[in-house]
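Q: Fold the following and give me the result.
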Amino acid sequence: QEYIQTQPGVFGVYFWDLTTGGHFGINEKEPLPAASSIKIPVALYLYQQAAEKKISLDEKMAYNPDTDWSGGAGTIRWNAAPGQTFTLRELAQKLIRESDNVAWKMLYRRLGKDNIAAFMKELGGKTVFPGGENYSTAEDLALYTRAALEFAHRNPDVGWIFIDDLVHSIYKDGLPAYLPADIKVGHKVGALPAVANDVGIVFLPNRPYVLSVMTKDVGASED
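A: Predicted structure coming up:
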């Protein structure tokens, strides 16, 4: 609280100790722009469907620029030709590792935004696309991240693929930025003008934890 009061903007923070269940929050129920951090429950829904044999990760989708093109992060929009196909697994990997926005739109198209929203509510999410906007809370993002880890323990064949993607994010800012290099972190950043978010699992030996940080109005640069 002391630190946040010295900074511009609005912050939401939620911490969960995976060993003891101890937790705390600061403005953790405040709806804030989720940006790409919302991609965690999107991927989790896909893997849940795969674990239940309702969908195959080998299923292919064709890239259609008319419906799927998006600016921002990712490489599909630069490298893919119209009609080029990707497996759902490839899209999910790009979604999490690169934060690819074309992959995001393609998976929304395949899975259905309403289905994803219902899944988020089933997990216990309280602020789910309010008014159709991509807003969430620090508490909800931490909840989805814990759900991803619990899913991996129950379904190791597909679940740990997801966690491995989070660990191999190409983005090294956010949660891992000031941690020792040997500490494994699986995380998903989200950035917009004046918004810098990150949520993830810090695999601290003997004391792993989930930390969610959301912001808005923090200045011109996400740095």
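
Q: Tell me who's in contact with the nearest residue to Leu32 once chain neighbours are set aside.
A: In this structure, Leu32 finds its nearest non-sequential neighbour in Met214, 4.3 Å apart by Cβ to Cβ, 6 or more residues apart in numbering. Yep, even glycine has a C-beta here, placed from its N, CA and C like the rest. Met214 is in contact with 11-13, 30, 32-34, 37, 136-138, 141, 197, 199, counting by Cβ atoms under 8 Å, 6 or more residues apart in numbering.

Q: I'd like the residues you listed laid out as CSV, including neighbour count.
A: Output for the contacts of Met214, formatted as CSV (neighbours: other Cβ atoms under 10 Å):
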residue, neighbour count
Phe11, 21
Gly12, 25
Val13, 20
Glu30, 18
Leu32, 24
Pro33, 21
Ala34, 25
Ser37, 31
Ser136, 32
Thr137, 24
Ala138, 27
Leu141, 32
Asn197, 27
Val199, 30
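
Q: For Gly71, state which of the residues you listed is nearest.
A: Pro33 (16.3 Å; Cβ to Cβ).

Q: can you redo the contacts of Met214 as TSV with distance to Ile76?
A: Below are the contacts of Met214 laid out as TSV (distance: Cβ to Cβ, whole Å):
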residue	distance to Ile76
Phe11	32
Gly12	30
Val13	32
Glu30	33
Leu32	27
Pro33	23
Ala34	21
Ser37	20
Ser136	24
Thr137	29
Ala138	29
Leu141	24
Asn197	22
Val199	23
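
Q: quick one: which of those residues is nearest Gly186?
A: Val199 (9.9 Å).

Q: now the contacts of Met214 in TSV, with pLDDT and distance to Pro176?
A: Output for those, formatted as TSV (pLDDT from 0 to 100; distance: Cβ to Cβ, whole Å):
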residue	pLDDT	distance to Pro176
Phe11	96	19
Gly12	98	20
Val13	98	17
Glu30	97	24
Leu32	98	21
Pro33	97	22
Ala34	97	20
Ser37	97	15
Ser136	98	21
Thr137	98	22
Ala138	98	18
Leu141	98	17
Asn197	97	14
Val199	98	12
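
Q: So which of the residues you listed are in strands?
A: The strands, defined by DSSP state E, take in Phe11, Gly12, Val13, Leu32, Pro33, Ser136, Asn197, Val199 from the contacts of Met214.

Q: residues contacting the fifth one?
A: The neighbours of Pro33, taking Cβ under 8 Å, 6+ apart as the test, are Asn134, Tyr135, Gly190, Leu192, Val195, Asn197, Met214, Lys216.

Q: before we move on, what about the last one?
A: Val199 makes contact with 37, 40, 138, 141-142, 144-145, 175, 187-188, 210-214, according to Cβ under 8 Å, 6+ apart.

Q: try 7 Å
A: Val199 makes contacts with Ser37, Ile40, Leu141, Ala142, Thr145, His187, Lys188, Ser212, as judged by Cβ atoms under 7 Å, 6 or more residues apart in numbering.
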